[in-house]
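> Could you work out the structure for the sequence below:
(2 chains)
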Amino acid sequence: MKEDKVIGIILVVFSGLMYYKTLEFPPAMFGALGAGVFPQILFTLLALAGAGLTITGFIRDRKKGEDATAEKREARISPILNKFKESLHYHSHVIISFTLFFCYIVLMSYFGYTIATLIFMPILMWILGPRKRRAIPITIIVSLGMTFVMYFAFVKFLKVFLPEGSLF
Amino acid sequence: MIDLILLGVREIFQPYPLIFLFLGTVAGIVVGCIPGFTITMGAALALPLTFGMTSIQGLSAMLGVLVGGLAGGQISGILLGIPGTPSSVATVFDGHPMAKRGEPGTALCLGIWASFFGGLISAFILMFFTPPLADIALKFGPWEFFSLVAFGLTIIASLSGKSLLKGIIAGLLGLIATLFGTDPMTGVLRFDFGLHGLSGGFSFLPVLIGLFAFSQLMSNLERTERAGTALIEAANLGFSSLKTVKTILRQPFNLFRSSMIGVFIGALPGAGGSISNILAYDQALKGSKHPEKFGTGIPDGIIASEAGNNGTGGGELIPTMALGIPGSAVSAIMMGALILHGIQPGPMLIIEFPDLVYGVFVAFFLAHFFMLGIQLYGIRLFVRLTRVPLYVLVPSILVFCSIGSFSIHNRFFDIWVLFIFGLLGYLMKKYEFPLAPVILGVILGPIAETNFRRALMTSSDYSLFFTRPISLFFLILCGLSLLYPFYQRYREKKRSVNQATG
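Here you go, the predicted model:
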C-alpha cells in the first residue's frame, strides 16, 4: 500500500519530535529512573516500527513491479481527480458526521448540552436519513426523546452533571 | 472452594446485580444482532453507565453484554448471511444455508443451545483454573510482571490483523497514549503542551469509546446508500428446544472440543471469539465423518462455531481475573471498569476481593441462563430491533458517547479526547491497523512502566530481566510470538509450493 510508506514516515517524524520533548524532563534522582526513560524506549521502538513499515512498503513495491505499471496504466485511464471524487462520495457521510460532531462540541461549549443536542441531532439525522417527508416526525421525536432520555438517565438516575455552556 | 463459590452466589443473587446482569445480557444480544455493531462497542458504551453502580453490579452488566453479544451475533448471521459480530462468522457457513432451506427456527435454536452449553463448559474451567494461576502469579516480582506484560502485548500484536508490524505499532500507540499527563512515579508533567486538560492525561473512557464506538459508527456510514435503509428483513421462526438439545447432545465430542478450543483461544491475550469460532468450525470439519456435508446447513457446523465463540468468554476471563492481563478488548474494558472503581486488577485481586472474583464467576455462569431464556422467548423482538435504521441509531449513539465521556470526570476536555480518538480509530481501521492492541496497550501501559521502573529501582541491573527464570520464560515466549507469524507464512508458502508441484 502506498499509504503505508507515508504512515511510516509520519510515525518516524512524530517519534523524533516526541523524543526531543522528553529531553526536557528532569533527570533521575536517587537512583530511580527519570520520567523520560520509558517514553524514550517507546518512541525509539515506534520510530523503528515506522521505518520498518516504510521499508517493507518499498520492498513490496519492487516485488510487484509489474503490478505497479499496470496500476499506473489504470491511473492514466481514470485520472486522479475522478478517483478523488469517488472516494469523496464514498466517504461523504463520514466526513459530514465528523465535521458536524466537531461543531456539536463547539456548540456545547457555548450553549450547553440541551441546546447543542437539539440542534445537532435533527441536522445529522436529516442528512443521513432518506430526506423524505415521512422522516420528519421520526427525526423530531427521536431528537426530542433522546435529549430528554439522556438527561433523565444521567442527571436523575446516575446523578452526574451534563456539560454546561459558558454563555448560560 | 465451595464456600468461595457460595460467597459469589451471595454477591450476585441480590436484586440489583441480577437486574443489571439481565439488562446487560439484553443489551449484549442487541449489539450482537445488529451487523456492524461489535461486542467491544457494546461494552464500551455500557461503561459510563456502570459508574453509578457498585463494582459487582457494573461487572455483572458487562458480563451480560459479553455473553449476550457472543450469542447474539448468530441472529443476523443465520437469517441474513451477514454475521452480526466477527465472532459469528463461521456460524453463517451452515446456519444460513439451513435457514434458506426453510428451517431458520431450528438453526437459531441450535445456535442458542450450543452457545449455552459452550459457555457453561467454559464457566467451569474458569472457576477451576483461575485460582491456581493467580497463586503462581503471586510469586512474581516486578521483573516477571514487566516480562509478562511484554509477552501479552507481543502476542496481541501477532494474533490480531494481517500485519505484525501494524499490530506492534498499534500496541505501541496504546502504550504511548498512557504517557501523557502526570508521571505516576515522580509526578513530573509529561507532554501536556501547556494544555490544562492534558495534565491529567487521556482518560481511559473517552479513549475507549472513541476507538471502539465512535470509529465503528463512522465505518458503518461508509457505504452511502446503506445509511438510510433498514438492515434486516424478518423471517418466520418456529422451533422445538427438546429436539435441538437432543441433536446437540448426540454430538458430545464436537461440543466439548469446540468449547475447549474456545476456552484456549480466549485465554490467549488478544485472540478472541473471531478466531475461535472459525477454528472450532475448521476442527469439526476435519474431525467429521462426513466433511462434504459442511456448508450445506448441517447442525454440526452451527454447534461447533457457536460453542466455540461462547467458550471464548470464559477463557478470556481467566488471565483477566488471575493475572490482570486481559484476554481481549472486552475483558480489557472490564479491567478498566474495575480500575475506575478504584480496584487494581492483578493476582492480588482474588485474595483481596474474593467476593468480587467469585461473583464474576457466578455472574458469568448465570448470564448463560439469562441469554438462553431471553433468546428463546424474545427472538422475534430482536429480529425486529435489527430493522431500526442507521440514521436513527448513529446520531443517538453519538450523543450518548459524548455524554458518557463527559460524565466520568465532568471534564469538557474529555469530549475532545473522544473526538480525537474517534478520528484516530477510524483512520487506523481504514489503513488496516488492528484496534485491539491499542486498548490493551492503554490498559497495560501504566502496569508495564511502573513495574519496569520499580524493577530497576530495586536493582539497576538490566540483566535481571533475563536471569530470573520466570521473567526469562516470558521474554522467550515474547520472542516466539513475534516469530510465529513468520513461521506461519513460511509454512503457507511451502504448502502452496507443494500443491503447485504435486
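> Just give me the residue right at the centre of the chain.
Using chain A here. The central residue of chain A, meaning the one whose C-alpha is nearest the mean C-alpha position (Cα atoms, centre = their mean), is A:Phe98 at 7.9 Å.
> that answer is for a different chain, and I need it for chain B
Centroid-nearest residue in chain B, with Cα atoms, centre = their mean: B:Val330, separated by 3.4 Å.
> quick one: that residue from chain A, how far?
Spatial separation of B:Val330 from chain A under the definition Cβ to the nearest Cβ, to the nearest Å is 22 Å. For the C-beta atoms, the positions are set from N, CA and C on the backbone; glycine is no exception.
> Do I have it right that B:Tyr462 meets B:Arg468?
No: no contact is recorded between B:Tyr462 and B:Arg468 when judged using Cβ atoms under 8 Å, the distance being 11.8 Å.
> ok, these two, which is more surrounded?
Using other Cβ atoms under 10 Å in any protein chain shown as the criterion, B:Tyr462 and B:Arg468 rank with B:Arg468 on top: 18 against 9.
> Would you map the helices across chain A?
For chain A, the helices defined by DSSP state H cover A:2-22, A:37-63, A:65-77, A:80-90, A:92-128, A:135-151.
> Out of those, flag the one nearest B:Glu449.
Judged by Cβ to Cβ, the one of the helices of chain A that comes nearest to B:Glu449 is helix A:37-63, at 4.7 Å.
> Look at the residue nearest to the centre of chain B and report its pLDDT.
What the model reports for B:Val330 is a pLDDT of 86.
> Find the helix or strand that it is a member of.
Assigned by DSSP states H and E, B:Val330 belongs to helix B:329-340.
> what packs against that helix?
Packed against helix B:329-340, as judged by 3 or more Cβ pairs under 8 Å, 6 or more residues apart in numbering or on different chains; DSSP states H and E, are the following elements: helix B:39-46, helix B:55-80, helix B:204-209, helix B:299-323, helix B:436-458.
> what comes up buried for stretch B:49-64?
Within stretch B:49-64, the residues that qualify as buried by neighbour count (16 or more other Cβ atoms under 10 Å in any protein chain shown) are B:49-51, B:53, B:55-64.
> Show me the subset of the residues you listed that also lies near chain A.
By Cβ under 8 Å from any Cβ of the partner chain, the members of the buried residues of stretch B:49-64 lying near chain A are B:49, B:51.
> Now tabulate the buried residues of stretch B:49-64 in TSV and tack on pLDDT and distance to B:Gly81.
Converted to TSV, these look like this (pLDDT from 0 to 100; distance: Cβ to Cβ, whole Å):
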residue	pLDDT	distance to B:Gly81
B:Leu49	85	33
B:Thr50	85	34
B:Phe51	79	39
B:Met53	86	38
B:Ser55	89	40
B:Ile56	91	39
B:Gln57	92	38
B:Gly58	91	36
B:Leu59	92	35
B:Ser60	93	33
B:Ala61	93	31
B:Met62	93	30
B:Leu63	94	29
B:Gly64	95	27
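> Residue of the stretch 1-150 of chain B nearest chain A, please.
Closest approach of the stretch 1-150 of chain B to chain A (Cβ to the nearest Cβ) occurs at B:Gly52, with a separation of 3.9 Å.
> For that residue, give me its contacts.
Counting by Cβ atoms under 8 Å, 6 or more residues apart in numbering or on different chains, B:Gly52 touches A:157-160.
> what about B:Lys246, neighbour count?
A count of neighbours around B:Lys246, defined by other Cβ under 10 Å, yields 10.
> how far away is it from chain A?
Applying Cβ to the nearest Cβ, the value for B:Lys246 to chain A is 44 Å.
> From the chain's centroid, how far away is stretch B:58-70?
Taking Cα atoms, centre = their mean, to the nearest Å, one finds stretch B:58-70 lying 10 Å from the centre of the chain it belongs to.
> Let's see that stretch as CSV, backbone CA atoms only.
Once non-C-alpha atoms are left out, stretch B:58-70 reads as follows in CSV (Å, rounded to 0.1, in the frame of the first residue of the first chain):
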residue,chain,number,x,y,z
GLY,B,58,-21.1,-2.9,37.0
LEU,B,59,-19.2,-6.1,36.2
SER,B,60,-22.5,-8.1,36.1
ALA,B,61,-23.8,-5.7,33.5
MET,B,62,-20.6,-6.0,31.4
LEU,B,63,-20.5,-9.8,31.7
GLY,B,64,-24.1,-9.8,30.4
VAL,B,65,-23.0,-7.8,27.4
LEU,B,66,-20.2,-10.2,26.8
VAL,B,67,-22.3,-13.4,26.9
GLY,B,68,-25.3,-11.8,25.1
GLY,B,69,-23.1,-10.4,22.4
LEU,B,70,-21.2,-13.7,21.8
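> Low-confidence regions, chain B specifically.
Scanning chain B with the threshold set as pLDDT under 70 gives B:158-161, B:223-237, B:270, B:499-502.
> those strands in it, which residues are they?
Defined through DSSP state E, the strands belonging to chain B, from first to last, are B:181-182, B:189-190.
> For B:Gly359, which of these is the nearest?
Nearest of the strands of chain B to B:Gly359, taken as Cβ to Cβ: strand B:181-182 at 32.3 Å.
> Any part of the closest one near chain A?
No: residues of strand B:181-182 are not located near chain A by Cβ under 8 Å from any Cβ, the shortest gap being 9.3 Å.
> tell me which strands and helices that strand is in contact with?
Using 3+ Cβ pairs under 8 Å, 6+ apart as the contact definition, the elements that strand B:181-182 packs against are strand B:189-190.
> Check whether the strand it packs on comes near chain A.
Yes: interface with chain A: strand B:189-190 contributes B:Arg190 (Cβ under 8 Å from any Cβ).
> repeat for stretch B:146-156
No: contact of stretch B:146-156 with chain A (Cβ under 8 Å from any Cβ) is absent, the minimum separation being 10.5 Å.
> chain center to that stretch: distance?
In this view, stretch B:146-156 has its centroid 17 Å away from the chain centroid, taken as Cα atoms, centre = their mean.
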